[in-house]
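*Asks:* Provided below are the primary sequence and the corresponding predicted coordinates.
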Amino acid sequence: MPSSDMSAEVRDVAKLVNNVKSEEANLWSFMVLCFLNANLDGVMSARKGGQGQDESSGEEWKRRLVEQMCLASKMCAASSLERAKKLSKAASEGYMRLGYHVLSVDAELIGRGLFSASSSFGHVAFEVGLSFDWLLNLPFVAGSSFKGAVRSAWRALNYDGESEAFGGEQVGSIVFMDAYPVQAGLEGYILYPDVLTPHYSREGRDVFDETEACPVPVVYLTVAPGVVFRFQVAVRKEKTVDLGKLLKSVLYAFKMGLGAKTSAGYGVFQAKHDAFKVLVAGGVKK
């Protein structure tokens, strides 16, 4: 591609990125455009005789991208959360029509949350990903992750009937849905910045000599403290799963934490006691 065409393309992408101010901004697309813009800019710099982005400018770019992503999540929070509420309601009503009881619990994230850190959203830019629904424009807790945490809690509480409830040689009686935010967190944010500072790694290799140790901050995206997620599980009506035990296991899982870095306090939830519901085909029981 001729240099002039590349320059025009860089300007076009930069213009798109800089003009993203709509409340309907898609964060997945915004991330991709920003990353493309930075890479094209680096290519142009190299073509002009420079060396592209050095390490310090690359880290500065990541910091600015994190700030932009967090701000964009705040701007589009209202519409995104409304869509998530409608989806959660539709999912629970669908399971009720199929003859399932549905347990619904809203829970607030106490600290930051980092769910599915190996996911593709943000991973290329920050080396740390986050589970993200590009249609709903929101991070989420995968149903499989939720199931694993509740199953561990069930075992910790020494409840029997694990195979029937969660599955083993046969399909389990409980269906765990993906959990989505229904209320914004700290200062209205959905996404929030965080930083890791490894000391014993340099240029992709481990450092074992203390004199070579050097702190290198790595910024990445997490879910903001205070974000409220709606967790929903469906239980087959004809099965004998104890809903009381299930609820206690869910609450215990919240205390243990979901996702990555739970030992550091990430992913810990506090259930909102005014937002418990058990929905049964034919009616709603609070």
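*Replies:* Alright, I've got the coordinates.
*Asks:* partners of the nearest residue to residue 100 once chain neighbours are set aside in the sheet?
*Replies:* Once flanking residues are discounted, residue 100 sits nearest to residue 234: 4.0 Å by C-beta to C-beta, 6 or more residues apart in numbering. Glycine gets a C-beta too; all of them are placed from N, C-alpha and C. Taking DSSP bridges, one obtains residue 102, residue 175 as the residues bridged to residue 234.
*Asks:* doesn't residue 152 make contact with residue 256?
*Replies:* Yes - between residue 256 and residue 152 there is a contact under C-beta atoms under 8 Å: 7.0 Å.
*Asks:* Endpoint to endpoint, stretch 163-176 covers what distance?
*Replies:* The first residue of stretch 163-176 is 15 Å away from its last residue (C-alpha to C-alpha, to the nearest Å).
*Asks:* Give me the pLDDT for the residue nearest to residue 100.
*Replies:* We have a pLDDT of 93 for residue 234.
*Asks:* Please name the residues that touch it.
*Replies:* By C-beta atoms under 8 Å, 6 or more residues apart in numbering, the contact set of residue 234 is 92, 95, 100-103, 174-175, 177.
*Asks:* Check the spacing between it and residue 177 real quick.
*Replies:* 7 Å (C-beta to C-beta, to the nearest Å).
*Asks:* what do you get for residue 159?
*Replies:* Distance of residue 159 to residue 177, computed by C-beta to C-beta: 21 Å.
*Asks:* And for residue 253?
*Replies:* Residue 253 sits at a distance of 15 Å from residue 177 (criterion: C-beta to C-beta).
*Asks:* contacting residues for residue 147?
*Replies:* 166, 174, 176.
*Asks:* The last one touches residue 233, doesn't it?
*Replies:* Yes - Residue 176 is in contact with residue 233 according to C-beta under 8 Å; the separation is 5.4 Å.
*Asks:* quick one: common contacting residues for the two?
*Replies:* 146, 150.
*Asks:* now the strands: where do they sit in the stretch 1-150 of the chain?
*Replies:* Secondary structure of the stretch 1-150 of the chain (DSSP state E, counting those that start in this stretch): strands located at 100-109, 132-133, 138-139.
*Asks:* Those into CSV, with extra columns for mean pLDDT, mean neighbour count and distance to residue 248?
*Replies:* Converted to CSV, these look like this (pLDDT from 0 to 100; neighbours: other C-beta atoms under 10 Å; distance: least, C-beta to C-beta, whole Å):
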stretch, mean pLDDT, mean neighbour count, distance to residue 248
strand 100-109, 94, 22, 11
strand 132-133, 94, 20, 29
strand 138-139, 96, 28, 27
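*Asks:* sorry, back to before: quick one: which of residue 159 and residue 177 has more around it?
*Replies:* residue 177 (23 against 15; other C-beta atoms under 10 Å).
*Asks:* Could you tell me the phi and psi values at the more buried one?
*Replies:* Phi and psi for residue 177, reported as degrees, to the nearest 10, are phi -90, psi 160.
*Asks:* residues near the residue nearest to it when sequence neighbours are not counted, how many?
*Replies:* Of all residues not flanking residue 177 in the chain, residue 232 sits nearest, at 4.6 Å (C-beta to C-beta, 6+ apart). Neighbour count for residue 232, taken as other C-beta under 10 Å: 24.
*Asks:* Residue 232: what's it in contact with?
*Replies:* So residue 232 contacts 88, 91-92, 102-105, 177, 179 (C-beta under 8 Å, 6+ apart).
*Asks:* same check, this time on residue 80
*Replies:* 136-138, 181, 190.
*Asks:* 7 Å instead, please
*Replies:* Contacts here follow C-beta atoms under 7 Å, 6 or more residues apart in numbering; on that basis residue 80 touches 136-138.
*Asks:* go on, residue 225?
*Replies:* 109-112, 185-186, 192.
*Asks:* out of the strands of the stretch 1-150 of the chain, nearest to residue 76?
*Replies:* Residue 76 lies closest to strand 138-139 among those, at 9.2 Å (C-beta to C-beta).
*Asks:* out of all of them, which strand in this structure is the longest?
*Replies:* strand 269-280 (DSSP state E).
*Asks:* ok now that strand, how far from the chain's centre?
*Replies:* Centroid separation for strand 269-280 versus its chain: 21 Å, with C-alpha atoms, centre = their mean, to the nearest Å.
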